[in-house]
Every structure is written in C-alpha cells, then in structure tokens.
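Asker: Show me the folded form of this:
(one chain, ligands or ions: 4)
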Amino acid sequence: MPVEPRPIKRNVSQRGPEEFSDLRIKEPMRIAAGTEGVYQALKHSFKEMGISRSIPALFKLNQKDGFDCPSCAWPDPEHPSPIAEYCENGAKALADEATTSHIGKDFFAKYSVEELSRLSDYQINAFGRLTEPLLLKADSLYYEPISWEASYELIAEHLRGLQNPDEAIFYTSGRSSNEAAFLYGIFARALGTNNLPDCSNMCHESSGVALSETLGIGKGSVKLEDLYEAEVILIAGQNPGTNHPRMLSALEKCKKNGGKIVSINPLLETGLVNFKNPQSVTGMLSGGTQLADVHLPVKINQDIALVKAILIKLKALDQDSGNVFDHEFILEYTQGYDALMADLENYDLNRLIEMTGVGEAEIDKVVEYLAQAEKIVVCWAMGLTQHKNSVVTIKEYVNLLLLKGAIGKPNSGTCPVRGHSNVQGDRSVGIMHYVNKTFNKRVEEHLGFKAPDHEGVDVVGAMKAMHEGKAKVFMCLGGNFVMAASDTDYTAKAIQNCDLTVQVSTKLNRSHLVTGKTALILPTLGRSEKDIQDGREREITTENSMGRVRASRGILKPASEELKSEIEIVTGIADAYFKGDHAVDWKAMGKDYDLIREKIDLVAKGFDKTAERARGVGYYLPNNVRERDFSKLPGGKAKISVNPLPDHQLEPDEFMLMTIRSHDQFNTTIYGMDDRYRGIYNERRVLFMNKEDMEFLDLKNEDIVHLNSTYDGIKREAFRFKVVSYDIPRRNLAAYFPETNPLVPFNHFADQSRTPISKSVKVRITKA
Ligand SMILES: Nc1nc2c(c(=O)[nH]1)N[C@H]1C(S)=C(S)[C@@H](COP(=O)(O)OP(=O)(O)OC[C@H]3O[C@@H](n4cnc5c(=O)[nH]c(N)nc54)[C@H](O)[C@@H]3O)O[C@H]1N2
Ligand SMILES: Nc1nc2c(c(=O)[nH]1)N[C@H]1C(S)=C(S)[C@@H](COP(=O)(O)OP(=O)(O)OC[C@H]3O[C@@H](n4cnc5c(=O)[nH]c(N)nc54)[C@H](O)[C@@H]3O)O[C@H]1N2
Ligand code: SF4
Ligand SMILES: [Mo]
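Answerer: Residues are numbered from 1 along each chain as shown. Ligands and ions are numbered 1, 2, ... in the order given. Next up is the predicted model:
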C-alpha cells in the first residue's frame with residue numbers, strides 16, 4: 001500500500017444549492033421539433049463550439065464515414081440523409097462535448113473542491129472540458145497535475161495493496177466504445193473480480209431480465225425499418241420527443257403508412273402530439289404530423305392493470321371470432337397460454353380500469369386497433385423499467401405481443417429504447433457483474449487466463465459495499481455515479497469511504513468533487529475527436545439500440561494534446577499493474593484497436609469480423625427472436641407469463657412521484673434550465689402536480705414545498721420545489737432527476753433486476 005498523507009475531512013456538498021432562479025411558466029408546447037428545434041440545435045452548437053467547429057462536426061454526426069452521436073442509442077437509418085442525420089439533443093450533446101471552454105491546472109489551483117461543490121450541476125458542467133490528469137491528495141482540497149505514468153502507477157499500487165480483488169469496483173457508463181469496455185471488463189476479471197456495475201443497472205436491466213426470461217435474449221427484436229410499416233405502435237413510459245428525438249421521424253413514417261400510434265404515459269408528452277420534421281421542407285412548412293392517435297394517461301405504475309384490461313377485452317373478442325389472437329403462432333412457438341387465460345378470469349375488469357385511471361372509451365379504441373392488427377410494436381423506456389415490479393410489467397407487454405403473434409416477423413416486436421449511445425454494446429462485450437460461463441470459457445481459451453467464477457456487485461451492491469467499507473478502490477469509466485445513483489446522501493458517504501476513486505471523464509461533474517480520500521481525474525477523448533496514433537487515425541465501434549454494430553471515427557481536433565483515449569487509459573493502467581507479466585498484450589492493444597476487435601470476435605457472443613464489417617452501414621448481431629428461435633429457453637418455446645398486479649398502498653397523505661428528465665439535460669449533465677416542451681423556463685426545482693390535488697392541499701402555482709419519503713422508518717428529504725399545476729393523474733407527481741434522487745431509497749429496487757425505483761417513490765409534501 002502506498003503511504004498516504006493524513007486524510008482531511010472535506011466539507012463538500014453532494015446536493016448543490018437549493019436556491020431558485022427566475023421561474024417562468026407557459027402552456028406546454030404541442031408541436032415538437034420544427035424551426036425552434038433547429039434554432040436551439042444551432043444556438044447551442046455555435047455558442048459552445050463556434051461556427052468553424054460546428055459545421056464540419058454536424059455534417060459528420062451519424063454519417064457512415066463520421067462518428068456516432070454521443071447522446072442516445074436510437075439507430076441511424078442504413079442510408080442516412082447526407083445533410084442532417086441528427087436532432088436538437090444530439091447537437092446539444094455534441095456541443096457539450098466539443099465545447100471550446102477548457103479547464104486545467106490553473107483552474108483547479110484557484111478553486112477548491114469544496115467551493116466547486118457549492119455550485120449547481122449546470123454551473124459545474126459549464127466550465128468545459130477537462131484537459132489534463134489531476135490528483136486530489138488525501139490531505140488536500142485542491143486538485144493538482146499528475147503525469148499519466150504516475151497516475152497509472154498510483155492506481156496499480158492501490159490495487160496491489162488490496163486484501164482481495166473484490167475490494168475494487170469498476171463502474172461503466174454507456175458512452176464507452178465496445179473496445180474500451182471490453183478491455184475494461186477483461187482487466188477487472190484479470191484482477192480477479194466481477195465487480196462490474198454499469199449504468200444499465202439503473203436503466204434497462206429490467207428489460208434485459210424480462211426479455212431473457214420470456215424470449216431468450218435481453219435485447220429488443222425490431223429494427224428501425226420495422227417501425228415504418230407497423231400497424232400499431234404502443235409507446236409506453238417513454239418520452240421520445242426529448243430523449244430519442246429522431247424516433248419521431250420513424251413514427252411519422254409509420255403514420256404516413258396508415259399506422260396507429262398509442263401513447264401510454266401519465267403525461268401527454270409533446271413529442272407524441274405533433275411533430276414537424278426538420279429534415280423535410282414539407283414537414284417544416286406544414287402544420288406537422290399528429291403522431292399519437294390515442295393517449296392513455298395511465299397512473300404511475302398501473303401499466304399491468306391496463307394491459308390486463310386490454311387482454312381481457314381482446315380475449316372476449318377472440319372467443320367470439322377465434323381470430324383476434326394468433327392461435328397458430330401460440331401453438332407452435334409459445335408456452336403458458338392456458339395459465340394466462342385462466343388467470344385473466346380472476347380479475348374484475350371495472351376494478352382494473354379504475355386502477356389505471358384511464359377512461360374505458362380510450363381503452364376500447366386501443367383494443368379495437370389491436371384486435372385488427374397483425375403487425376404490432378411495443379416501445380418503452382424508463383417509465384416501465386424503474387419500478388419495484390418492472391420485470392413483470394414488461395413481461396405483461398410481452399404477453400400482448402405473443403398472443404398477437406407479433407414477434408419475430410417484419411414490422412412487429414419488442415423495442416426497449418436504450419439510453420446511452422453504447423450502453424447496449426458495453427453489455428454485449430462483457431460489462432456484467434454476473435458470471436457467464438461461456439464468456440469465461442472463451443476468455444480462458446482466447447485470452448489465456450481464468451476469469452473469476454463468483455458474482456460481482458451491480459450498482460446497488462456497489463453502493464452497499466462502499467458504504468460498509470468493503471470496497472477500497474472505485475473506478476468509473478465515464479458517468480457521474482454520485483448524482484446518478486439513488487439515495488444521494490447514502491451514495492456520497494459510500495464513495496467517501498473509499499481510499500481511491502478514479503474518474504475517466506470528459507467533463508467536470510460532482511463525482512470529481514465528492515470523492516474517495518485520494519482521487520484522480522483522467523481526462524479522455526470524446527466521440528467527436530480524432531484519435532491519432534503514429535499519424536494514423538483510429539476508429540472505435542458501438543452498438544445501437546437495435547443491435548447494429550458500426551465504426552465511429554471522430555473528426556475534431558481534441559480539446560487538449562494531453563488527452564488519451566479510454567482504450568489507452570485502460571491499457572495503461574493494466575500494463576502498470578501487470579508490468580508486462582500477463583497473458584494479454586495490453587500495450588499492443590492500446591496501440592492497435594484491430595487487435596482488440598479480433599479478441600472481441602473470439603470472446604463476445606455474435607461479434608464476427610468486426611474490424612471489416614463494422615465499416616459503412618455496419619452489421620447486426622444475431623438475434624434469436626428475429627428468427628423465431630426460442631430453443632434455448634427452458635421448454636424450448638417463448639414464455640407467456642402470469643404476472644401479479646402491483647401492491648401500492650398509498651397512505652392518505654402520500655403521493656407517487658416519478659423522477660424524470662427535462663428537455664435540457666442528458667442524465668446528470670444539465671445543458672440549460674428550460675424544459676421547453678412542458679412550458680417550464682429558467683428553473684429545475686419544480687414539482688408537477690394535479691390541479692385538484694393542489695386545491696386539496698391548499699397550494700397554488702409557485703408555492704414552495706419540501707418533499708420527503710419514508711421507507712423502513714427512515715425519513716429522506718429533498719428541499720424547496722416550486723409547485724406547478726400540470727395535467728397529471730391525481731395523486732401522481734413528477735419532478736426532475738437528479739434533484740429528487742435523495743428521496744429514492746438505496747435498498748428499494750425492482751425485483752430481479754435491482755433497478756432503483758426512481759419512477760415510483762412514495763412521498764409526502766410539506767409547505768416550506
Ligand atoms: N436529451 C436526452 N436524451 C436522453 C437522455 C437525457 O437525459 N436527455 N437520457 C438517455 C438515457 S440514459 C435514457 S435511459 C433515456 C430515458 O428516456 P425516457 O425513459 O424517455 O426518460 P424519462 O424522462 O425518464 O421518461 C420516462 C417517461 O415515462 C413516463 N412514465 C413514468 N412512470 C410511468 C409509468 O408508470 N407508466 C408509464 N406508462 N409511463 C411512465 C414519464 O411520464 C416519462 O414520459 O433517454 C436517453 N436519451
Ligand atoms: N432518480 C433517477 N435517477 C436516475 C435515472 C432516473 O430516471 N431517475 N436514470 C438512470 C439512468 S437511465 C442512467 S443511464 C443513469 C446515468 O448514469 P451515468 O451514466 O453515471 O451518468 P451520466 O450523467 O450519463 O454521466 C455524465 C458524465 O459522463 C462523462 N462523459 C461524457 N462523455 C464521456 C465519454 O465519452 N467518455 C467518458 N469516459 N466519460 C464521458 C462526463 O464527465 C459527464 O459528466 O442515471 C440513472 N439515475
Ligand atoms: S436521436 Fe439520439 S442518437 Fe439520434 S441524433 Fe438525436 S440524440 Fe443523437
Ligand atoms: Mo439510461
């Protein structure tokens with residue numbers, strides 16, 4: 001163990017300020033994108049990057065010879081528009097990464113971590129790109145420069161000093177490349193641990209579990225083009241206008257082909273109302289395309305009740321006509337049909353409908369669409385995945401698709417819409433905390449060492465291990481763990497227990513300020529930047545939400561000459577740790593990324609000739625659902641499941657809170673203070689509330705309240721939110737993440753997937 005200077009207690013803030021700026025409230029917008037979207041995209045780009053960097057970068061965003069958008073995981077069409085294959089939020093993400101504001105040693109000599117931590121997340125991010133490696137010594141309040149070699153050596157020393165490898169934890173956020181994530185996972189295993197939590201534990205883990213159990217693969221089955229001619233698309237618990245904006249173009253195509261779109265969401269989100277396509281002149285000049293045909297304003301976490309009501313109604317129609325369900329498909333490809341049909345008899349339809357809060361006439365309209373349709377897609381995101389019963393909720397939607405035979409054929413299937421641009425790829429190449437025997441066997445065969453065969457920690461496990469002092473080194477390949485994870489105060493304490501925390505990052509965030517005793521910032525290249533070695537430009541690969549692997553090559557001059565690629569950083573640390581004495585040639589892989597791709601092909605499932613096939617349009621990884629091959633599931637068939645209703649007992653003074661994203665943020669990165677589509681300007685500390693609930697509590701617009709939650713007798717609080725009257729079901733509330741994370745208990749998470757319950761937190765309101 002290195003001899004540490006005596007640690008001091010730093011008085012840093014994990015919550016940031018709770019003051020208000022100047023809130024303005026307007027009517028929610030009813031048209032998404034259009035000229036305002038283009039204006040906002042260009043405004044951010046020009047402000048952050050200047051015109052001379054913006055124009056070439058925007059032209060290469062999502063193009064075949066360019067780079068993958070660093071924002072969400074929505075796929076690009078195989079033949080992108082040569083002019084603009086991006087959206088407002090893609091442009092904002094690019095501008096945020098490629099900003100010309102930079103910070104280095106002078107900045108950190110001037111401001112202590114304590115001072116910086118008093119600022120808001122918006123202010124912290126706005127300082128710009130990190131440009132050189134920095135060390136926060138245990139007895140200091142100020143980061144100071146450190147060389148790359150010394151930082152690798154420091155990490156290696158700490159790792160060598162551990163009593164066992166499980167005292168180290170390696171977190172990944174979904175912006176990494178396949179190559180960096182693969183090597184990172186391999187390094188953890190070479191060290192002897194599967195402690196590989198990642199952001200998908202907080203995100204689509206519930207989808208992975210539900211889909212693996214029912215269909216045999218933890219990913220979605222549709223391709224982008226499938227959406228174009230679907231007859232019905234259900235969009236449940238997802239806000240694509242903000243979080244996956246180019247999805248609206250695909251929905252527009254579906255509408256033009258006569259498809260029906262159903263929005264299932266407590267909120268009527270602007271993106272699903274009307275869309276003016278900025279890529280088409282007619283789109284911009286017309287009144288836009290109305291997208292959702294029906295909106296079902298379901299109460300938070302009552303999706304199971306809703307789907308059950310729909311299934312009961314479809315079953316009755318099927319009994320009359322015999323052709324509403326696809327009986328041939330059910331017989332040949334599924335198991336569990338009789339049990340589900342028997343179970344549906346147990347529910348009182350009126351009670352189910354009452355639980356949903358949705359009008360029966362709207363439900364009947366959807367039943368009518370579904371009864372007639374053969375080609376159905378279900379899309380979803382965090383509104384389904386972040387509840388205690390998320391896994392069974394998703395399984396209930398899968399039941400609907402299976403009964404209709406809308407699986408494994410064109411224009412039909414499952415569409416869990418992934419968050420981070422490469423979160424799916426990271427998982428595919430081995431970022432997983434559980435043991436996959438086949439993967440381990442291949443590691444041994446092709447990389448020449450034995451991977452550990454005991455399970456590691458996921459995000460919740462990592463928080464707990466650190467909190468209990470069982471983990472000493474916490475390394476993060478991207479992300480902002482302290483703000484992203486639930487139970488902010490608990491998480492902060494957990495991190496502060498570590499001896500060393502290491503952040504491989506592009507931008508400053510609160511996880512650089514709330515740290516272990518010693519902390520390192522290792523600044524890295526962003527997706528948009530050139531990665532040059534010996535005069536040769538290198539490329540990485542990513543996998544989008546629909547399983548297509550593609551090469552990505554940055555084009556901009558890096559923010560600093562000091563920056564290293566994530567791959568170089570991971571191999572640098574591994575090389576310092578093993579000192580050349582390991583079966584894997586880390587040094588060589590840090591130079592030649594094709595060598596990594598060769599190993600990915602041999603070790604990760606489905607990857608094949610990636611170096612060559614990822615170029616151009618790229619290639620799809622195999623997907624058994626697309627082939628209707630369910631042979632690997634127990635029983636050899638897709639699984640229709642029987643799922644219980646949620647058991648929510650709200651006390652008379654309790655409300656159900658969902659923590660959601662504004663239009664001006666990417667997760668914990670706050671681009672601005674507006675949420676244009678919902679009519680909120682200049683403030684994030686707002687609480688969306690039903691008008692009648694407000695009257696009941698004698699609250700009016702802009703009254704200031706505190707929120708608290710009580711789980712297991714422990715009171716958690718989030719202070720000072722301005723109430724905003726909004727069209728939201730009664731007893732439901734919405735407020736932004738991460739400001740509300742202090743309310744989400746660390747030990748309450750989805751059954752099986754262990755995803756924090758960020759979309760259904762029981763809270764009480766008190767007047768300030
Ligand atoms: N611009 C931008 N893009 C992003 C992100 C970002 O922060 N900013 N984040 C990325 C990431 S990592 C992710 S995971 C995705 C997130 O994408 P989304 O999942 O769309 O993001 P959220 O804001 O969490 O929205 C969840 C939606 O679910 C609804 N909802 C909440 N509870 C329920 C429920 O019980 N039932 C139903 N039916 N609906 C419910 C909410 O009203 C909201 O519309 O976006 C990705 N893309
Ligand atoms: N209450 C509540 N909590 C939530 C959610 C919610 O809906 N409600 N959503 C959850 C979800 S879906 C997710 S995915 C997590 C997100 O959790 P994270 O992935 O941990 O968080 P991000 O905010 O995406 O991380 C942003 C940071 O990543 C770094 N970064 C950006 N680009 C790169 C890059 O190319 N390389 C590297 N190395 N670093 C980079 C920057 O320094 C930036 O500050 O949050 C979860 N937390
Ligand atoms: S939809 Fe997502 S991936 Fe596509 S340009 Fe917009 S933010 Fe980027
Ligand atoms: Mo996510």
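Asker: Tell me how far the residue located most distally from the centre of the chain lies from ligand 4.
Answerer: Taking CA atoms, centre = their mean, the residue of the chain most remote from its mean C-alpha position is D320, at 42.8 Å. Using CB to the ion, to the nearest Å, we find D320 at a distance of 43 Å from ligand 4. Just so you know, the C-beta spots here come from the backbone N, C-alpha and C atoms, and that holds for glycine as well.
Asker: What strand or helix carries that residue?
Answerer: Assessed by DSSP states H and E, D320 sits inside helix 303-321.
Asker: which residues touch that helix?
Answerer: 236-237, 264, 296, 298, 324-325, 340-341, 344, 347, 349, 352-353, 355-356, 358, 363-364, 366-367, 370-371, 384, 389, 392-393, 396-397, 399-400, 403, 643-646 (CB atoms under 8 Å, 6 or more residues apart in numbering).
Asker: change it to 7 Å
Answerer: Outside of helix 303-321, the residues within contact range by CB atoms under 7 Å, 6 or more residues apart in numbering are 236, 264, 296, 298, 324-325, 341, 344, 347, 349, 352-353, 355-356, 358, 363, 366-367, 370-371, 384, 389, 392-393, 396-397, 399-400, 643, 645-646.
Asker: Next: stretch 274-293.
Answerer: 30-35, 37-38, 81, 84, 248-249, 251-252, 255, 260-263, 272-273.
Asker: Would you map the helices across the stretch 301-450 of the chain?
Answerer: 303-321, 327-333, 337-344, 349-356, 360-372, 382-385, 390-403, 423-428, 437-447 (DSSP state H, counting those that start in this stretch).
Asker: Which elements pack onto the last one?
Answerer: Think helix 437-447. The contact analysis (3 or more CB pairs under 7 Å, 6 or more residues apart in numbering; DSSP states H and E) places helix 437-447 against helix 593-603.
Asker: Mean confidence (pLDDT) on the helix or strand just after the helix it packs on, please.
Answerer: Per DSSP H and E, the first helix or strand lying C-terminal to helix 593-603 is helix 610-613. Helix 610-613 carries an average pLDDT of 97.
Asker: And the next helix or strand past helix 610-613?
Answerer: Beyond helix 610-613 toward the C-terminal end (DSSP H and E), the next one is strand 619-620.
Asker: Run me through the strand neighbours of that next one, direction for each.
Answerer: Using DSSP bridges, the strands paired with strand 619-620 are strand 548-552 (antiparallel).
Asker: Tell me which residues are up against the strand it pairs with.
Answerer: With CB under 7 Å, 6+ apart, strand 548-552 has contacts from 67-68, 75, 527, 539-543, 610, 614-615, 618-621.
Asker: Enumerate the residues of this protein near ligand 2.
Answerer: The interface of the chain toward ligand 2, taken as CB under 6 Å from any ligand atom, is made up of 173, 175, 199, 202-203, 382, 386, 419-420, 477-481, 484, 504-507, 509, 524, 526-527, 566, 659, 667-669, 737, 740-741, 744, 758.
Asker: switch the cut-off to 5 Å
Answerer: By CB under 5 Å from any ligand atom, the residues of the chain that approach ligand 2 are 173, 175, 199, 202-203, 382, 419, 478-480, 484, 504-507, 509, 524, 659, 667-668, 737, 741, 758.
Asker: Now do the SS call for G241.
Answerer: Three-state call for G241 (DSSP: H, G, I helix; E, B strand; the rest coil): helix.
Asker: Look at it and report its pLDDT.
Answerer: 95.
Asker: Correct me if wrong: it contacts R676.
Answerer: No: checked against CB atoms under 7 Å, the pair G241 and R676 is beyond contact range at 10.1 Å.
Asker: more neighbours, the two?
Answerer: Counted by other CB atoms under 10 Å, G241 and R676 do not tie: G241 has more neighbours, with 28 against 21.
Asker: Up against ligand 1, what does the stretch 1-150 of the chain have?
Answerer: 72, 89.
Asker: Which parts of the stretch 1-150 of the chain are helices?
Answerer: Using DSSP H, counting those that start in this stretch, helices in the stretch 1-150 of the chain cover 34-49, 51-60, 88-97, 105-110, 113-117, 121-126, 148-160.
Asker: show me the contacts for the spatially closest residue to Q302 that is not a sequence neighbour.
Answerer: Of all residues not flanking Q302 in the chain, T356 sits nearest, at 4.8 Å (CB to CB, 6 or more residues apart in numbering). T356 makes contact with 298-299, 302, 305-306, 309, according to CB under 7 Å, 6+ apart.
Asker: cool, and N257?
Answerer: So N257 contacts 228-229 (CB under 7 Å, 6+ apart).
Asker: Apply 10 Å and report the result again.
Answerer: Each residue near N257 by CB atoms under 10 Å, 6 or more residues apart in numbering is listed here: 227-231, 411.
Asker: Check F449 too.
Answerer: 186, 189-190, 192, 443, 582-584.
Asker: ok, now E396?
Answerer: Here E396 is in contact with 210, 303-308, 310-311, 340, 384, 389, 641-645 (CB under 10 Å, 6+ apart).
Asker: cool, and N301?
Answerer: 237, 266, 355, 383-384, 386-390, 393, 646, 648, 656, 658, 732, 757, 759-760.
Asker: measure it to ligand 2 for me?
Answerer: For N301, the distance to ligand 2 equals 14 Å [CB to the nearest ligand atom, to the nearest Å].
Asker: what are the phi and psi values for that residue?
Answerer: Backbone torsions for N301, taken as degrees, to the nearest 10, come to phi 60, psi 20.
Asker: same deal with V763?
Answerer: phi -130, psi 160.
Asker: okay, it: pLDDT?
Answerer: At V763, pLDDT is 98.
Asker: Please apply the same query to A519.
Answerer: 98.
Asker: now K43
Answerer: For K43, pLDDT reads 87.
Asker: Just name the shakiest helix or strand of the chain by mean pLDDT.
Answerer: helix 281-285 (a mean of 66; mean pLDDT, DSSP states H and E).
Asker: thinking again about what came up before, between the helices of the stretch 1-150 of the chain, which one is closest to ligand 4.
Answerer: helix 88-97 (13.6 Å; CB to the ion).
Asker: For G456, give its distance to L563.
Answerer: 29 Å (CB to CB, to the nearest Å).
Asker: I should have written G430 there, sorry.
Answerer: Using CB to CB, G430 is found at 25 Å from L563.
Asker: Between those two, which is the more surrounded one?
Answerer: Comparing G430 with L563 by other CB under 10 Å, the one with more neighbours is G430, at 27 against 22.
Asker: Was I right to think L697 contacts I765?
Answerer: Yes: judged on CB atoms under 10 Å, L697 makes contact with I765 at a distance of 6.5 Å.
Asker: Of the two, which one has the most company?
Answerer: Remark: of L697 and I765, I765 carries more neighbours, 22 against 16, as counted by other CB under 10 Å.
Asker: And for the residue nearest the centre of the chain, nearest residue in space, chain neighbours not counted?
Answerer: Centroid-nearest residue in the chain: G419, 3.4 Å away (criterion: CA atoms, centre = their mean). Distance criterion CB to CB, 6+ apart; nearest residue to G419, sequence neighbours excluded, is C203 at 5.1 Å.
Asker: who are the neighbours in contact with the one you found?
Answerer: Contacts of C203 (CB under 10 Å, 6+ apart): 174, 381-382, 385-386, 416, 418-420, 423, 459, 484, 667, 753, 755, 758.
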